[in-house]
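> Generate coordinates for the sequence data below:
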Amino acid sequence: MDGAKWYHDALAEDSSSPPDKLRVVDMVRNLERRLERLVEGLAGKVFRGPLHPVELGARLVREADLALRAGAAGPTAPNTYVVHVHPSELGEGLLPDGLVTELSAYIEDTATERGWRMEGPVVVHLELDDATAVGSVRCRTEVVPGVLPVWGFLTGSAMDVALRHNRILIGRGADSDLVVDDPTVSRTHALVWREGGSVWVVDSGSSNGTTVDGLAIDAPTALENGSVLAFGSMTFTFRKA
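You can find the predicted model right below:
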């Protein structure tokens, strides 16, 4: 995996490798299965117009892709989506329970798969709007900070850290997500993130280097449950939540 091209890959629709495209296909199929179970028996009442929930999910991911911004830790996507659809898209003006939850989960899964960072949990608001053309979608996105669920831990002799953001900057600098106050740790030392079904770490050009299970790394390196990381002289064990 080339850590230098992750951001350009996220922005370029046609730059995905065959394995990446297969993962996208799997994600779409999973969304289809989840939403089909959700709307089963409601086809005549919900989204009876040309807009289908699966298409809506794909459009929200596209909106997230277009709204990506370059942050200190890498590509950051919005986590709040206000979606306007025409009232005729809904049979009785009602939304099935769980639809927005499934759409939110799909965006979160996509962010994890593509290595995007989000500053808070995903929230989707669906609003009926006469000004929106039938079959069309208007979407406003926003970055709203909030508390994210824990997906892993870095456990050390001096500190234990819960990993919440999908991309985590590690360093001595105050703007790091994980501040390690040790002289052997650089201000911007390393990055830990999830992408493509794996957890990765890369050294950020630190003075004293980063090791995984005792081996110095000079490129993005996949972590296993129980991997031992050292940033300078500070050692941590990675555990999945």
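
> Which of the helices and strands in the chain ranks last by mean pLDDT?
None of the helices or strands of the chain scores lower by mean pLDDT, DSSP states H and E than helix 6-11, at a mean of 35.

> Reduced to three states, what does the spatially most central residue of the chain come out as?
Centroid-nearest residue in the chain, with C-alpha atoms, centre = their mean: residue 111, separated by 2.3 Å. Secondary structure state of residue 111, per DSSP: H, G, I helix; E, B strand; the rest coil, is helix.

> Let me see the ranges of the helices in this structure.
Applying DSSP state H to the chain gives helices spanning 6-11, 18-39, 53-66, 99-114.

> pLDDT weak spots in this protein?
For the chain, residues meeting the criterion pLDDT under 70 lie at 1-51, 90-97.

> can you count the residues close to residue 69?
Neighbour count for residue 69, taken as other C-beta atoms under 10 Å: 10. Every C-beta, even on glycine, is put in place using the N, C-alpha and C of the backbone.

> er, residue 162 I mean
What residue 162 shows, counting by other C-beta under 10 Å, is a neighbour count of 12.

> Likewise for residue 147?
Residue 147 has 8 nearby residues by other C-beta under 10 Å.

> i'd like the first residue to be 657 from this point on
Yep, numbering from 657; the last one is residue 803 now.

> What distance do you get for it to residue 733?
To residue 733, residue 803 is 17 Å away according to C-beta to C-beta, to the nearest Å.

> What of residue 864?
Separation of residue 864 from residue 733 (C-beta to C-beta): 32 Å.

> same thing with residue 776?
Residue 776 sits at a distance of 11 Å from residue 733 (criterion: C-beta to C-beta).

> which one of those two has more residues nearby?
Each of residue 776 and residue 733 has its neighbours counted (other C-beta under 10 Å); residue 733 has more, 27 against 17.

> hang on, the earlier thing: am I right that the residue nearest to the centre of the chain is in contact with residue 723?
No: between residue 767 and residue 723 there is no contact under C-beta atoms under 8 Å: 11.8 Å.

> what is in contact with the two at once?
residue 733 (C-beta atoms under 8 Å, 6 or more residues apart in numbering).

> what residues are up against residue 723?
733, 734, 797.

> Okay, the first one and residue 817: tell me how far apart.
Relative to residue 817, residue 733 is positioned 23 Å away (criterion: C-beta to C-beta).

> Ok, the second one next?
For residue 734, the distance to residue 817 equals 26 Å [C-beta to C-beta].

> quick one: which of those two has more around it?
Taking other C-beta under 10 Å, residue 734 and residue 817 do not tie; residue 734 has more neighbours (23 against 19).

> roughly how far apart are the residue lying closest to that one once chain neighbours are set aside and residue 775?
Leaving aside its chain neighbours, residue 734 sits nearest to residue 797 (3.7 Å; criterion: C-beta to C-beta, 6 or more residues apart in numbering). Distance, residue 797 to residue 775, by C-beta to C-beta: 12 Å.

> do residue 865 as well
Applying C-beta to C-beta, the value for residue 865 to residue 775 is 29 Å.
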